[in-house]
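A.B. asks: 3D model of this:
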Amino acid sequence: MILDRTEPSDLWYAPPPRRPVGYLHPSRMTAGRLAATMGAAARAGHARTDLAARLREHTGRKRCVLTATGRAALALAVRQTGADEVVLSTFNCSAVADAVLAAGARPVLVDADPERGPAFTSVDLTGRAVVLTNGLGLDEWSAHAARIAERGGQVVLDLAQAGVSPSVLRRFRESGCPIVLSFGEGKPLGGLGGGALLTSAPVTGGGGLRRGGELAPLRRAVASRLVAHAPGVVRAAVRRAEARTPGWSHTKADHLPAEAGEVRQDDPSRWEIASAAALLRTASGVADAAAALHERVRAAVAGELTTCEPIAADPDLGPGVELLFRRPGQRFPFARALAERGVPSTWNYYPLHRLAPYARFAAGPMTAADSLWPRVLTVAKQPQPRLTARLLVEAMIAADRSVRDQEAGRG
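C.D. replies: Numbering: from 1, shown residues only. Below you'll find the model as predicted:
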């Protein structure tokens with residue numbers, strides 16, 4: 001059901017650029033990192049041990065369990081807490097709810113807004129686990145962790161959307177709670193798949209690697225890197241081919257889940273671990289560059305935009321620059337104007353309480369999230385050729401002007 005105050009276009013995906021100058025999830029698979037990945041895959045057992053040791057050192061945890069996916073790591077973390085009910089924001093990825101269900105627990109969905117974050121104070125936390133996912137790039141640990149503990153809850157910190165790098169992980173060394181990571185395609189680390197649970201509590205499993213492991217993700221990563229550096233005519237041709245891919249759609253309505261997704265419980269493959277081990281070595285520099293770009297863009301557009309404004313997010317904890325629009329119906333024309341300048345954008349979350357598999361888990365009214373979801377747009381910020389702070393700022397200001405002119409014309 002769509003609220004009356006939304007527009008049909010609020011369920012449309014942000015249109016991709018016909019001739020991209022940047023990408024939402026740019027590949028980090030340079031020639032050097034490809035060589036490092038191949039070398040690590042040849043010594044898969046050593047790569048697994050080395051990756052786990054470095055993650056333990058960065059987070060200060062005693063144990064690291066490497067998993068097939070980030071959601072498998074989250075399911076393991078939930079089981080470790082022993083909680084029968086798990087509180088999470090409804091403004092979230094369905095994978096988080098799927099992991100809770102896979103752990104045999106019951107999700108408890110709470111409302112969320114861009115200033116205070118999830119409404120954890122609206123429910124009893126005694127004996128429950130609480131998953132912090134840093135939605136919209138907000139630092140949920142700093143804002144909520146202490147009060148969650150005071151009220152009898154157990155925190156699980158899911159950093160799947162954060163820039164997984166030593167500099168980010170060390171921020172949470174003293175937190176003490178389980179930390180969940182994801183190395184999947186499209187995540188800030190830019191890996192091929194897999195995940196990890198970092199904890200100091202006893203935990204079983206996670207000692208092996210899946211035999212084989214398809215090379216398709218590695219080939220995609222290499223191809224994406226080559227395309228990003230290719231001339232414009234090549235990038236445009238690839239974009240046209242993607243639009244003809246089976247299953248491609250203009251609207252999220254075609255992809256809303258009818259049932260909860262499965263969570264793989266097997267071990268990660270050697271290629272997933274090898275790529276994560278190789279990419280982690282240069283992750284801090286990439287994360288620092290993304291954070292610097294984020295801050296430059298946010299500072300430059302402050303006070304310049306009339307239809308939206310950047311959310312005051314932590315630049316290390318989100319994959320892009322989050323824009324909050326004044327009202328529904330503005331997001332799509334803004335994204336279309338960005339695309340005309342080659343700038344990619346997206347919107348990630350349709351509230352869980354509005355999806356069939358999770359609606360019964362809502363803890364109460366979700367008025368803030370219902371108002372929020374049609375008004376958020378994520379603009380790419382990961383380091384890549386051509387996508388400079390100046391280009392992003394100019395594109396945002398031009399898109400803002402385009403939407404303002406359209407609204408004036410209708411008025």
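A.B. asks: do a quick rundown of the strands in the stretch 1-150 of the chain.
C.D. replies: Along the stretch 1-150 of the chain, counting by DSSP state E, counting those that start in this stretch, strands occupy 63-67, 85-89, 106-110, 112-113, 117-118, 129-132.
A.B. asks: V233: which of the ones you listed is closest?
C.D. replies: Ranking those by proximity to V233 (Cβ to Cβ) places strand 63-67 first, at 41.2 Å. The way it works is simple: take the backbone N, C-alpha and C, and place the C-beta from them, glycine included.
A.B. asks: direction included, what does the closest one pair against?
C.D. replies: Strand 63-67 pairs in its sheet with strand 195-199 (antiparallel), by DSSP bridges.
A.B. asks: can you list the strands of the stretch 1-150 of the chain in TSV and add mean pLDDT, mean neighbour count and distance to L51?
C.D. replies: Shown next, in TSV, are the strands of the stretch 1-150 of the chain (pLDDT from 0 to 100; neighbours: other Cβ atoms under 10 Å; distance: least, Cβ to Cβ, whole Å):
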stretch	mean pLDDT	mean neighbour count	distance to L51
strand 63-67	95	23	7
strand 85-89	98	26	27
strand 106-110	98	23	30
strand 112-113	96	22	33
strand 117-118	96	24	31
strand 129-132	98	28	24
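A.B. asks: turn these into TSV, including distance to A278.
C.D. replies: Listed next are those as TSV, based on distance: least, Cβ to Cβ, whole Å:
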stretch	distance to A278
strand 63-67	15
strand 85-89	32
strand 106-110	35
strand 112-113	35
strand 117-118	34
strand 129-132	28
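A.B. asks: which of those strands sits closest to K187?
C.D. replies: Of the strands of the stretch 1-150 of the chain, nearest to K187 by Cβ to Cβ is strand 63-67, at 13.7 Å.
A.B. asks: residues in contact with that closest one?
C.D. replies: Identification of contacts with strand 63-67 by Cβ atoms under 8 Å, 6 or more residues apart in numbering yields 48, 51-53, 55-56, 73, 76, 194-203, 205-206, 267-268, 273.
A.B. asks: domain parsing for the chain?
C.D. replies: Listed by automatic domain parsing, the domain ranges of the chain are 8-25+281-410, 31-199.
A.B. asks: among the ones you listed, which is nearest T251?
C.D. replies: Across the domains of the chain, T251 has its closest neighbour in domain 8-25+281-410 (5.2 Å, Cβ to Cβ).
A.B. asks: next, count neighbours for the closest residue to A335 other than its chain neighbours.
C.D. replies: Leaving aside its chain neighbours, A335 sits nearest to A14 (3.5 Å; criterion: Cβ to Cβ, 6 or more residues apart in numbering). Residues within reach of A14, counting by other Cβ atoms under 10 Å, total 21.
A.B. asks: and for the one 5 residues further on?
C.D. replies: If you count neighbours by other Cβ under 10 Å, R19 ends up with 15.
A.B. asks: which residues touch it?
C.D. replies: Contacts for R19 (Cβ under 8 Å, 6+ apart) come out as G232, R235, A236, R239, G342.
A.B. asks: and A75, by the same measure?
C.D. replies: By Cβ under 8 Å, 6+ apart, A75 lies in contact with A99, V100, A102, A103, V263, Q265.
A.B. asks: quick one, what contacts the closest residue to A162 other than its chain neighbours?
C.D. replies: Spatially, and ignoring its direct neighbours in sequence, A162 is nearest to L317 (4.8 Å; Cβ to Cβ, 6+ apart). Listed by Cβ under 8 Å, 6+ apart, the contact set of L317 reads N134, G137, L138, D139, L159, Q161, A162, G163, V168.
A.B. asks: inside helices: which ones of those residues?
C.D. replies: V168 (DSSP state H).
A.B. asks: which residues of the stretch 251-400 of the chain fall in strands?
C.D. replies: 308-310, 320-325, 345-346, 376-380.
A.B. asks: I'd like to know which elements the last one is packed against.
C.D. replies: Contact here means 3 or more Cβ pairs under 8 Å, 6 or more residues apart in numbering; DSSP states H and E; on that basis strand 376-380 packs against strand 320-325, helix 331-340, strand 345-346.
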